[in-house]
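Novice: One predicted model, sequence on top.
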Amino acid sequence: MNSRKQLIEKWKTDYDFKTVASAFGSLAVTVIFALYNGFLGVYHASLWHGSICLYYLILIVLRWVLIAAGKKAVPACKREDSIKRVYLKASVLLLLLNASMIVPITLMIRLQKPVSLTLIPAISSAVYTVYKVTLASINLKKRKKASNSLLRLLRTINFIDALVSILTLQNTLIMIGTKGAGTEMLPFTVVTSTIIWAALLILSITAVIKGVIGLQSG
């Protein structure tokens, strides 16, 4: 019972612990999404699901690299240099992650994503996405509380993942809610997809620049 209380108290007061614990939860969910989309990609020969599976696989590697680096025992004298090197590698992976979204976004713009959802699951997905985006936005603002740059980068990645959820949800709702090809929504899809992907790219490039500067300063 005492250990349980200690964990609860640590969750409330230790921001680093909370970040790592949340990252483990996000990693588990990401694995499920990767397997699900991978299965659909193979079973239906779906380019959409295959490309989304690739996105989640890169996201798994990225999150694991940061979590493993955070738990790795490194001598104090080498700790800062180790963090800087991992940060740069992770930021390059982050750039690759967002590059992997080019194919899904292209399919979104062309309204070619296959949708088998009914309205009720789509609404449930919308509620979850709103929760995910709200939580990621709040944590993004609080990321300066983290003790090192790797944990701050984890929060940035969570925010990027939330933005991708908005893109997929948007296209799902458009395909469900419109008749025929849904071409009347094409201008809206192009604009929103471009804006969100540009935001992803800016966050990724900013992370790479910080990583390079941090390594050079060391």
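Specialist: Nice, thanks for sending it over.
Novice: in the protein, which helix or strand is least confident?
Specialist: For the chain, counting by mean pLDDT, DSSP states H and E, helix 2-13 ranks last in confidence among helices and strands (a mean of 58).
Novice: Ser51 contacts Thr106, correct?
Specialist: No: taking contacts as Cβ atoms under 8 Å, Ser51 lies outside contact range of Thr106: 9.1 Å. C-beta here means a position set from N, CA and C on the backbone, and glycine is covered the same way.
Novice: As a check, name the ranges of all helices in the chain.
Specialist: Listed in chain order, the helices of the chain (DSSP state H) span 2-13, 15-43, 47-71, 76-99, 102-109, 119-142, 149-177, 186-217.
Novice: which residues does the residue nearest the centre of the chain contact?
Specialist: What sits nearest the mean C-alpha location of the chain, by Cα atoms, centre = their mean, is Asp161, with 2.3 Å. Counting by Cβ atoms under 8 Å, 6 or more residues apart in numbering, Asp161 makes contact with 26, 30, 59, 132, 136.
Novice: Can I get those in CSV including pLDDT, distance to Met185 and neighbour count?
Specialist: Shown next, in CSV, are these (pLDDT from 0 to 100; distance: Cβ to Cβ, whole Å; neighbours: other Cβ atoms under 10 Å):
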residue, pLDDT, distance to Met185, neighbour count
Ser26, 79, 30, 20
Thr30, 84, 29, 19
Leu59, 90, 27, 24
Lys132, 76, 23, 20
Ala136, 77, 26, 20
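Novice: Between those residues, which sits nearest Trp197?
Specialist: Leu59 (15.6 Å; Cβ to Cβ).
Novice: tell me the contacts of that closest one?
Specialist: 30, 34, 97, 157, 161.
Novice: Least reliable of the helices of the chain by average pLDDT, please.
Specialist: Here the helices of the chain differ in mean pLDDT, and the lowest is helix 2-13 at a mean of 58.
Novice: Kindly provide the distance from Ser82 to Ala69.
Specialist: 7 Å (Cβ to Cβ, to the nearest Å).
Novice: for Thr206, that is, sorry about that
Specialist: 20 Å.
Novice: again with Val103
Specialist: 29 Å.
Novice: So between these two, which is more surrounded?
Specialist: Between Val103 and Ala69, counting by other Cβ atoms under 10 Å, Ala69 is the more crowded of the two (19 against 16).
Novice: Touching, that one and Leu88? I think so.
Specialist: No: Ala69 is not in contact with Leu88 according to Cβ under 8 Å; the separation is 11.5 Å.
Novice: Now the two most distant members of the contacts of Leu59.
Specialist: Top of the distance list for the contacts of Leu59 (Cβ to Cβ): Ala34 and Ile157, 15.1 Å.
Novice: Neighbour count: these two, which is higher?
Specialist: Set Ala34 next to Ile157 and count neighbours by other Cβ under 10 Å: Ile157 wins out with 24 against 19.
Novice: list the contacts for that one?
Specialist: With Cβ under 8 Å, 6+ apart, Ile157 has these contacts: 59, 62-63, 66, 94.
Novice: So which of those residues is the closest to Leu201?
Specialist: For the contacts of Ile157, the nearest to Leu201 is Leu94 (10.2 Å; Cβ to Cβ).
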